[in-house]
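>>> The following comprises the amino acid sequence and a computationally predicted model.
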Amino acid sequence: MSNGLTYPPFSGYGGTGGGGGGGGAPANATYLTLSLDGTLTDERVFTPSARFSAVDGGAGSTYALDLNVSGVVAGSYTYAAITVDAYGRVTSAANGTDPAPSTAQYLTLALNGTLSDERQFSPSARFAATDGGAGGTYALDLAVTGVVAGSYTITSLTVDAYGRITAASSGTIASGAGWTDGGTNVYLSVDTDVVSMGNVTPVPFRKLSVFNTGTNLGISVVTLASTDNVISTFVSGEANLRFSVNGTGSHSWGAGGASAPDTRMYRSGVNTLSFDNALGTAAANLLPGVDGGGVIGTNTFRWGSVISNIFSAYGAAGAANPVTSLSTTGLRFGPGGGVALDTRIARTAASTLTVDNNAGGSAIFSVLGQTTTQTRALAVTTQTSAYAVASTADVVLVNPSGGAFDVTLPNANLIVGRRVQVKRINTSANVVTVKSAGGTIDNVAAATGIALAGGTYNSITVVSDGANWWII
């Protein structure tokens, strides 16, 4: 008897009741069969598990048996992460990353037994650390020292051995306090003084005094070269200075910021001050030279603001208002004291001087294109629609051919002595009405006015008495 799947026939083996015939397989052998067979007494049905696949080729052929696929993608993997089943088969796999070497010199937050050369990171108390946990961040910053954040002046402070400020407070300099060089010559002091300028209320201010008792030089600065600056002023964050004085006494000004200095005042000769563009080139709108006799060049000085006063004269000390002032917008006059300037002479147009009320209001009179030895010419304007008489207009010629309209005189109370003539130059039927912005016209209400009827070349001439208009 055999445990094989099949057995070869036995030569000379006979069945029951037979003799000498052909042999057959024993019926009681232990066979593996694909299905039970009644003629066999000890067979087993071959049943492979799901981890195998079988292909039956049929009688006289083969029965192929192989492993089933596990689901993993066939291929090569590096630093692989794998899954195996209970039968040791790889069911899934994925590439991994190169593992960090265990012998590298790492900084760790805690010692790790798998590393051989790590250091535990231990910042001192002068640092503040925040551990965000696995996958997060480990934030490191300076620890606060206890000083109150802010700005301090004349500061008293405390520093630790690491150069950190741990306490600070602002201080003051008492009146008369100062410093010396430890010798007998140079002194620097801060004191309180009082200043009064013209009509400005006296105010206390801090005065910085530097003086040398040996030579009475006051502030003395020695430069290595004559072009070195003795004084320079900057605005924080700007690349160029606003003002400087160098070793030659030359003064320079500029707009600061990205702009280099563009204006210079300096001594160019005996008894001569000169201005140029800070590059040594004469420039328009700058004074080229002033000699000892006060003679100035042909150019004029440009002030930085159109309303800057060049000078003001007060009638008495402490007066609130000047009696006259000159600015870039005109020459002004007033009674002074508590009364503001009320009269101005100004250039209001080409070849035109105008006297007005210092507020740009209606003119008292204008001088147009004439020298002081000539009779002033009348200013004439022609209008074809509604018109408010300008401060420079003397004669208004009106042409109502396109329709009726109004001519409005200025307010009479601003221009005493002002005379205006309105004359029709068209005989159409359209009416031109002369009205007033303030004051009656021959006792006719300002809004009603005087009509210049159509069909004629009629006219009206009026003069202001400082309150109303009167026909003359």
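The structure has been received and is ready for your questions. Note that the coordinates shown come from a computational prediction; the quantities given were computed from them, not determined experimentally. Numbers count the residues shown, from 1 in each chain.

>>> Show me the shaky parts of the stretch 51-200 of the chain.
173-200 (pLDDT under 70).

>>> Spatially central, which residue of the protein would that be?
Geometric centre of the chain, nearest residue: residue 237, 12.7 Å, by Cα atoms, centre = their mean.

>>> what about it, helix or strand, and which?
Here residue 237 is covered by no helix or strand, with elements defined by DSSP states H and E.

>>> separation between it and residue 253?
Between residue 237 and residue 253 the distance is 19 Å, computed by Cβ to Cβ, to the nearest Å. C-beta here means a position set from N, CA and C on the backbone, and glycine is covered the same way.

>>> What's the local residue count around the nearest residue to residue 435 once chain neighbours are set aside?
Leaving aside its sequence neighbours, residue 435 sits nearest to residue 449 (Cβ to Cβ, 6 or more residues apart in numbering; 3.6 Å). By the criterion of other Cβ atoms under 10 Å, residue 449 has 21 neighbours.

>>> Quick check, residue 449 in contact with residue 441.
Yes - assessed by Cβ atoms under 8 Å, residue 449 is found in contact with residue 441 at 6.3 Å.

>>> Now for those two: what residues contact both?
434, 435 (Cβ atoms under 8 Å, 6 or more residues apart in numbering).

>>> ok, now which ones touch the residue nearest to residue 435?
406, 433, 434, 435, 436, 441.

>>> Where strands are concerned, which of the residues you listed count?
Taking DSSP state E, the ones among the contacts of residue 449 that sit in strands are 406, 433, 434, 435, 436.

>>> which one among those gets closest to residue 416?
Set against residue 416, the nearest of the ones in strands among the contacts of residue 449 by Cβ to Cβ is residue 436 (14.4 Å).

>>> Would you check that the closest one makes contact with residue 469?
Yes - using Cβ under 8 Å, residue 436 is in contact with residue 469, at 5.7 Å.

>>> Give me the more crowded residue out of these two.
For residue 436 versus residue 469, the count of surrounding residues by other Cβ under 10 Å is larger for residue 469: 30 against 24.

>>> Count the neighbours of the nearest residue to residue 94 once chain neighbours are set aside for me.
In this structure, residue 94 finds its nearest non-sequential neighbour in residue 81, 5.0 Å apart by Cβ to Cβ, 6+ apart. Neighbour count for residue 81, taken as other Cβ under 10 Å: 11.

>>> For residue 81, give its distance to residue 115.
In terms of Cβ to Cβ, residue 81 sits 21 Å off from residue 115.

>>> swap in residue 231?
64 Å.

>>> higher neighbour count, those two?
residue 115 (16 against 12).

>>> Excluding chain neighbours, give the residue nearest to the more buried one in space.
That would be residue 102: by Cβ to Cβ, 6+ apart, it lies 5.4 Å from residue 115.

>>> and the one you found, how many neighbours does it have?
13.

>>> give me phi/psi at it?
phi -80, psi -10 (degrees, to the nearest 10).

>>> what's the residue nearest to residue 94 sitting at in phi/psi?
phi -110, psi 120.

>>> show me the contacts for it.
Applying Cβ under 8 Å, 6+ apart, the residues near residue 81 are 93, 94, 95, 96.

>>> neighbour-wise, which of those leads?
Going by other Cβ under 10 Å, residue 93 tops those with 18 neighbours.

>>> contacts for the one helix or strand that residue maps to?
Applying DSSP H and E as the criterion places residue 93 in strand 90-94. Contact with strand 90-94 is made by 70, 71, 72, 73, 77, 80, 81, 82, 83, 84, 85, as judged by Cβ under 8 Å, 6+ apart.

>>> quick one: the helix or strand following that strand to chain centroid distance?
Per DSSP H and E, the first helix or strand lying C-terminal to strand 90-94 is strand 107-108. In terms of Cα atoms, centre = their mean, to the nearest Å, the centre of strand 107-108 is found 44 Å from the chain centre.

>>> Pull up the pairing partners for strand 107-108, direction included.
Here strand 107-108 is paired, per DSSP bridges, with strand 119-120 (parallel).

>>> Which strands or helices does the helix or strand immediately after the strand it pairs with in the chain pack on?
Next along the chain after strand 119-120, taking DSSP H and E as the criterion, comes strand 127-131. Contact analysis of strand 127-131 by 3 or more Cβ pairs under 8 Å, 6 or more residues apart in numbering; DSSP states H and E lists strand 138-142 as its packing neighbours.

>>> could I have the strand it packs on exported to CSV, CA atoms only?
Output of strand 138-142 as CSV, limited to C-alpha atoms (Å, rounded to 0.1, in the frame of the first residue of the first chain):
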residue,chain,number,x,y,z
TYR,A,138,9.3,74.6,18.1
ALA,A,139,9.4,78.4,18.5
LEU,A,140,12.3,80.0,20.2
ASP,A,141,12.4,83.7,21.3
LEU,A,142,14.2,86.0,23.8
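
>>> what are the pairing partners of that strand, and which direction each?
Counting by DSSP bridges, the strands paired with strand 138-142 are strand 127-131 (antiparallel).

>>> buried set for the strand it pairs with?
In terms of neighbour count (16 or more other Cβ atoms under 10 Å), strand 127-131 has no buried residues at all.

>>> next one: it to chain centre, how far?
For strand 127-131 - counting by Cα atoms, centre = their mean - the centre lies 34 Å from the chain centre.

>>> Mind listing residues that contact it?
By Cβ under 8 Å, 6+ apart, the list of residues contacting strand 127-131 reads 109, 123, 137, 138, 139, 140, 141, 142, 143, 144.

>>> Can you add neighbour count and distance to residue 37 and give those back as CSV?
Formatted as CSV, those follow (neighbours: other Cβ atoms under 10 Å; distance: Cβ to Cβ, whole Å):
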residue, neighbour count, distance to residue 37
109, 11, 73
123, 11, 83
137, 9, 74
138, 12, 75
139, 10, 79
140, 11, 82
141, 10, 86
142, 9, 90
143, 13, 90
144, 10, 93
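
>>> Can you tell me which of the residues you listed is nearest residue 34?
residue 109 (65.2 Å).

>>> Now do the same contact list for that closest one.
With Cβ under 8 Å, 6+ apart, residue 109 has these contacts: 120, 121, 131, 138.

>>> for those residues, which one is nearest residue 320?
For the contacts of residue 109, the nearest to residue 320 is residue 138 (69.8 Å; Cβ to Cβ).

>>> Quick check, that closest one in contact with residue 108.
No - assessed by Cβ under 8 Å, residue 138 is found out of contact with residue 108, at 11.0 Å.

>>> ok, so of the contacts of residue 449, who is nearest residue 246?
When the contacts of residue 449 are compared for distance to residue 246 (Cβ to Cβ), residue 436 wins out at 62.9 Å.

>>> Can you give me the distance of residue 407 to residue 55?
Taken as Cβ to Cβ, the span from residue 407 to residue 55 is 120 Å.

>>> State the three-state secondary structure for the spatially closest residue to residue 39 that is not a sequence neighbour.
Using Cβ to Cβ, 6+ apart and skipping residues adjacent in sequence, the residue nearest residue 39 is residue 27, 5.7 Å away. Following DSSP: H, G, I helix; E, B strand; the rest coil, residue 27 is assigned to coil.

>>> what's residue 414 sitting at in phi/psi?
Dihedral angles (degrees, to the nearest 10) for residue 414: phi -100, psi -10.
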